[in-house]
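Asker: What would the 3D arrangement of this be:
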Amino acid sequence: MTHRIILAACLSAFAIPAFAQADVSPKRILAPAEDIVRVALETEKGRIVLALDRERAPLTTANFLAYVDKHWLDGQPFYRAFKYGDGGVIQGGVRDGFKQLPSVVHEPTSQTGLKNKAWTVAMANAGAGTARSDFFIMTTDIPAFDAKGADIGFAAFGRVVEGQEVVKAILAAPVSPTKGEGSMKGQMLEPVVTIVKAERVM
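Answerer: Model prediction:
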């Protein structure tokens, strides 16, 4: 059960390799798919634009868009940030329990062909078919998050195409030294960074 319970104990189990800098040029940052949906996250630290790959990860993308279209991400936080290798991961999602849709069918990277590379957005999960609103963005390649054998990994479904500096700013934001349980201790943002508004954009 590696990589479970929303990115908690998994990371401490891996030696941290020195990852090469990912190619994030405009030509490489989008998957070679025709059905791309862009979503802007207006945060307290600036604007992040995601390009969601609806062609290769249709169920995961539809799930995320449902939260966007219902405005259920508005006012919700990026609440976690931690370093990993030469970068790190930020995590956000709906923290109001009543604003949760049914969990989405897992789309592993072995099925979609997408990879958990730098600037990927992926869904957090606690096992197959448990992902709901929690998502994360990584600033470095993390191949350990890809599906391999019995390990389902995390469902990648898009890329950051604007606002990489905002993601880095959230990653560098202050964390509480005491909040969080287990390996999440010391990774909880204090204060959180609010997603003021999430909406589809052209």
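Asker: from what I can see residue 193 touches residue 44, true?
Answerer: Yes: with contact defined as C-beta atoms under 8 Å, residue 193 reaches residue 44; the gap is 5.3 Å. The way it works is simple: take the backbone N, C-alpha and C, and place the C-beta from them, glycine included.
Asker: ok, those two, which is more surrounded?
Answerer: residue 193 (20 against 16; other C-beta atoms under 10 Å).
Asker: Any regions of this structure where pLDDT drops low?
Answerer: 1-33 (pLDDT under 70).
Asker: helices and strands around the strand or helix carrying residue 90, which ones?
Answerer: Element membership for residue 90 (DSSP states H and E) is strand 87-92. Here strand 87-92 touches strand 76-84, strand 135-138, helix 164-171, going by 3 or more C-beta pairs under 8 Å, 6 or more residues apart in numbering; DSSP states H and E.
Asker: Tell me the secondary structure of residue 65, please.
Answerer: helix (DSSP: H, G, I helix; E, B strand; the rest coil).
Asker: burial count for the closest residue to residue 190 other than its chain neighbours?
Answerer: Nearest non-adjacent residue to residue 190, counting by C-beta to C-beta, 6 or more residues apart in numbering: residue 176, 3.9 Å away. By other C-beta under 10 Å, 13 other residues sit near residue 176.
Asker: Let me know whether residue 176 touches residue 192 as I believe.
Answerer: No: using C-beta under 8 Å, residue 176 makes no contact with residue 192, being 10.2 Å away.
Asker: The residue lying closest to residue 87 once chain neighbours are set aside - how many residues pack around it?
Answerer: Leaving aside its sequence neighbours, residue 87 sits nearest to residue 140 (C-beta to C-beta, 6+ apart; 3.1 Å). Residue 140: 23 surrounding residues under other C-beta under 10 Å.
Asker: Strands along the chain, start to end?
Answerer: With DSSP state E applied, the chain shows strands at 36-43, 46-53, 76-84, 87-92, 120-123, 135-138, 156-162, 188-201, listed in chain order.
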